[in-house]
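# Below are the sequence and a predicted model; questions follow.
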Amino acid sequence: MGSTGKFVLLSAIWGSSFALIEVAVDAGVPPVQVALARCLFGALALWVVCAAQGAAVPRDPRTWGHAAVVAVLLNSVPFTLLAHGESKVDSVLAGVLNATTPLTTLAFALLVVPGERVTRTRLAGLLLGFAGVLVLLGVWRGLDGDVLAGGLACLGATTCYGAGFAYTRRFFSGGPHRASALSAVQVTCATVQLAVAAPVLSGPPAWPGALAVLALLVLGAVGTGYAYVLNLDLIREAGPTVAATVTYVTPLWSTALGVLLLSEPAGWHTFVGGAVVVSGILLTRRPAPDRTRT
């Protein structure tokens with residue numbers, strides 16, 4: 001599968017994650033336990049993939065150390081923040097706010113990734129995509145207390161993602177190890193981190209019902225397990241800034257699923273903003289000009 005196919009598939013998987021999170025939090029699952037279940041099922045799925053591929057497990061402490069940092073930035077903290085955000089706002093809004101990830105990724109990539117270049121066209125695409133996010137939000141209507149608190153939690157998650165994408169490219173995605181093995185180590189580290197934090201923050205888990213458990217299972221095995229193999233491959237092939245633009249497409253999926261499956265509202269600005277976001281994606285994915293020619 002080429003990078004474009006991985007980009008589209010990853011956007012669909014992550015776009016559906018917001019509806020699955022909404023199902024879990026609506027059933028009363030605490031945010032940190034949503035994150036823990038997501039990582040636990042994801043780690044199990046990734047180790048199955050590693051076994052099927054015969055992928056060698058990294059054994060050096062340096063790789064595991066970087067994996068622990070990536071787990072904080074891409075799993076433990078943002079997964080908890082997203083679930084907390086969706087306890088206050090609907091999945092459509094959470095998915096839209098997630099589209100700011102390329103902007104934070106761009107800032108962090110410039111700081112930590114050698115050779116990462118930002119052309120005027122790519123920057124214009126990022127800014128156009130952010131304008132589309134504002135249209136999708138309907139910012140002219142104002143934000144109440146819950147929307148503000150939930151929105152800030154979701155934006156905190158995207159800031160973590162931005163740092164995580166850049167850190168992954170700089171310190172974690174290189175080397176001889178397969179993407180499945182690195183992803184398994186990363187999500188396992190996140191599972192351990194959350195297993196320590198969850199009892200302190202939320203107490204013992206309770207049975208939330210079959211539908212919520214099914215949502216968490218799919219969210220973990222597919223949205224965190226298989227999707228992280230695709231994500232790491234995409235970072236390797238296209239770089240962190242381009243890889244992060246997948247979050248420009250996820251609002252389209254999260255909006256469609258939120259409206260169709262959860263009966264969440266979506267006004268005219270949702271569709272207009274979506275069109276602007278897609279235009280931004282097309283600009284960010286344009287190749288940089290070859291400056292070696294004379």
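Nice, thanks for sending it over.
# what about the strands in the stretch 1-150 of the chain?
Assigned strands in the stretch 1-150 of the chain: none (criterion: DSSP state E, counting those that start in this stretch).
# Okay, buried residues for the helix or strand hosting V213 please.
Element membership for V213 (DSSP states H and E) is helix 210-220. Buried residues in helix 210-220, counted by 16 or more other Cβ atoms under 10 Å: 212-213, 215-220. Any C-beta I mention is one placed from the backbone N, CA and C, and that applies to glycine too.
# got it, and stretch 77-95?
So stretch 77-95, judged by 16+ other Cβ under 10 Å, has buried residues 77-95.
# Need the distance between the two termini of it.
Using Cα to Cα, to the nearest Å, one end of stretch 77-95 lies 17 Å from the other.
# before we move on, back to that, can you dump the C-alpha atoms of the helix holding V213 in CSV for me?
C-alpha atoms of helix 210-220 as CSV (Å, rounded to 0.1, in the frame of the first residue of the first chain):
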residue,chain,number,x,y,z
ALA,A,210,-21.5,-4.6,26.4
LEU,A,211,-21.7,-1.8,23.8
ALA,A,212,-19.1,0.3,25.6
VAL,A,213,-16.8,-2.6,25.9
LEU,A,214,-17.2,-3.4,22.2
ALA,A,215,-16.4,0.3,21.4
LEU,A,216,-13.3,0.2,23.5
LEU,A,217,-12.2,-3.1,22.0
VAL,A,218,-12.5,-1.7,18.4
LEU,A,219,-10.9,1.6,19.5
GLY,A,220,-7.9,-0.2,20.9
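# elements contacting it?
With contacts taken as 3 or more Cβ pairs under 8 Å, 6 or more residues apart in numbering; DSSP states H and E, helix 210-220 sits against helix 3-26, helix 31-53.
# Can you lay out those as CSV showing distance to R122 and mean pLDDT?
Listed next are those as CSV, based on distance: least, Cβ to Cβ, whole Å; pLDDT from 0 to 100:
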stretch, distance to R122, mean pLDDT
helix 3-26, 15, 90
helix 31-53, 31, 95
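# Let me know which of those is the nearest to V72.
Checking the helices and strands packed on helix 210-220 against V72 by Cβ to Cβ gives helix 31-53 as the closest, at 11.6 Å.
# mind listing what's buried in that closest one?
Neighbour-count burial for helix 31-53 [16+ other Cβ under 10 Å]: 31-47, 49-50.
# ok, C160 touching L73?
Yes - at 5.1 Å, C160 counts as touching L73 under the criterion of Cβ atoms under 8 Å.
# now L134: how far from V25?
25 Å (Cβ to Cβ, to the nearest Å).
# any idea how far L40 is from T247?
24 Å.
# and A206, what helix or strand is that in?
Going by DSSP H and E, A206 is not in any helix or strand.
# tell me the contacts of it?
Going by Cβ atoms under 8 Å, 6 or more residues apart in numbering, A206 touches G28.
# and the gap between it and Q33?
9 Å.
# And A52, by the same measure?
Counting by Cβ to Cβ - A52 and Q33 are separated by 29 Å.
# Which pLDDT value belongs to L214?
pLDDT recorded at L214 is 96.
# circling back: what angle do the helix holding V213 and helix 31-53 make?
50 degrees (axes from the mean of the first three to the mean of the last three Cα atoms, to 10 degrees).
# Perfect, that will be all.
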